[in-house]
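S.K.: Sequence first, then the predicted structure, then my questions.
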Amino acid sequence: MVTAEKLKAVEFFTEGRKLYKMMDFRKAADCFKKALEVCPDDGPSKVYFERCIYYIDNPPPPDWDGVYVMKTK
């Protein structure tokens, strides 16, 4: 059974992914942060939140295809 909290986290995550793909990293980070407030152990939201924070300071090129390239191991 899926809890109401998990469903809400999924809603925030889905909206965040949409905004992430549109390169609206500030709004996407807000969505991922809300997902983590509802479900603190949500790994995907943590990863995307961290990527948004990175991209806010280091924007990808205009032709970015949405793929995150790791810089370190």
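M.R.: Thanks, I have it. All figures in this text were calculated on a predicted structure; none of them were measured in a lab.

S.K.: Now do the SS call for the residue nearest the centre of the chain.
M.R.: Centroid-nearest residue in the chain, with CA atoms, centre = their mean: Y48, separated by 3.3 Å. Here Y48 is helix, with the state taken from DSSP: H, G, I helix; E, B strand; the rest coil.

S.K.: Does it touch K21 like I think?
M.R.: No: taking contacts as CB atoms under 8 Å, Y48 lies outside contact range of K21: 10.7 Å. Where you see a C-beta, it was placed from the backbone N, CA and C, and this is true even at glycine.

S.K.: Who are the contact partners of the residue nearest to the centre of the chain?
M.R.: Y48 makes contact with 13, 16-17, 20, 28, 32, according to CB atoms under 8 Å, 6 or more residues apart in numbering.

S.K.: Out of those, which is nearest to C52?
M.R.: Ranked by distance to C52 (CB to CB), the contacts of Y48 are led by A28 at 5.0 Å.

S.K.: so what's M23 up against?
M.R.: 55, 59-60, 64.

S.K.: hang on, the earlier thing: by neighbour count, which of the contacts of Y48 wins?
M.R.: F32 (28 neighbours; other CB atoms under 10 Å).

S.K.: Correct me if wrong: it contacts T14.
M.R.: No: counting by CB under 8 Å, F32 does not reach T14; the two are 10.8 Å apart.

S.K.: hmm, back to that, please tell me how far the residue nearest to the centre of the chain sits from P59.
M.R.: 16 Å (CB to CB, to the nearest Å).

S.K.: Check R26 too.
M.R.: 11 Å.

S.K.: before we move on, the earlier item: quick check: the residue nearest to the centre of the chain vs K34, distance?
M.R.: 12 Å.
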